[in-house]
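A.B. asks: compute the structure for the input listed below.
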Amino acid sequence: MSRVGKYPVLVPNGVSVSLAGSEFSAKGKLGTSSLKLVDDVETTIEGNHVWVKPRSESKRARMMWGTTRALINNMVKGVSEGFTVNLEINGVGYRAAVQGKTLQLQLGFSHDVNFPIPDDVSIKCEKPTSISITGKDRQRVGQIAAEIRAFRGPEPYKGKGVKYETETILRKEGKKK
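C.D. replies: Numbering: from 1, shown residues only. Next up is the predicted model:
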């Protein structure tokens, strides 16, 4: 039995959800999101709760039960609050700045790295060493954060590079004489 799927998704005030056939949609202050539901699960809306139940006891139905519930929960949370991933930049001369629709990164290369900011997310640099990525789609925000981190991931000797704010870098000892 799914531990995630058996709980309902609570729909907060200011968010409206609708179910049309196999298309689930949520609308909130940050926009609208929709999800194509699979045939293996049954979704019902009762008041301000969304319930997800498997249609059969097949392995695929049980797998999709918790997955669908998690996707719906992330959609509802995304259109009401949004998701944020914070990145930190460590290193001498390493910095970031937003210029128009481009994130300009100086990461120790001979050239600046220019990352075009997509329309569905917003990127802010409060300090030159911190980047904040915000959007309504959890997967999209995480993917963009991973792409920015991949330009210069943190190295274990001095900890230089781009890392998640919550990430801990395991440091190694340098060469000995």
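A.B. asks: backbone dihedrals for R60, please?
C.D. replies: phi -60, psi -40 (degrees, to the nearest 10).
A.B. asks: residues contacting it?
C.D. replies: R60 sits next to D40 when contact means Cβ atoms under 8 Å, 6 or more residues apart in numbering. Backbone N, C-alpha and C define where each C-beta goes, glycine included.
A.B. asks: name the residues of stretch 165-177 that come out as buried.
C.D. replies: Applying a neighbour-count criterion of 16 or more other Cβ atoms under 10 Å, one finds I169 buried in stretch 165-177.
A.B. asks: for G153, give its distance to A146.
C.D. replies: Taking Cβ to Cβ, to the nearest Å as the measure, G153 and A146 are separated by 10 Å.
A.B. asks: then stretch 88-103 to CSV, C-alphas only?
C.D. replies: Only the C-alpha atoms of stretch 88-103 are listed here, as CSV (Å, rounded to 0.1, in the frame of the first residue of the first chain):
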residue,chain,number,x,y,z
GLU,A,88,25.9,29.6,-3.5
ILE,A,89,29.1,30.5,-5.4
ASN,A,90,32.4,30.0,-3.6
GLY,A,91,35.8,31.0,-5.0
VAL,A,92,38.0,34.0,-5.6
GLY,A,93,36.6,36.1,-8.4
TYR,A,94,33.5,33.8,-8.8
ARG,A,95,30.3,35.8,-9.1
ALA,A,96,26.9,36.0,-10.8
ALA,A,97,24.7,38.8,-12.0
VAL,A,98,21.4,39.1,-13.8
GLN,A,99,21.4,41.3,-16.9
GLY,A,100,18.1,41.5,-18.6
LYS,A,101,17.0,37.9,-19.5
THR,A,102,20.5,36.5,-19.0
LEU,A,103,22.3,35.1,-16.0
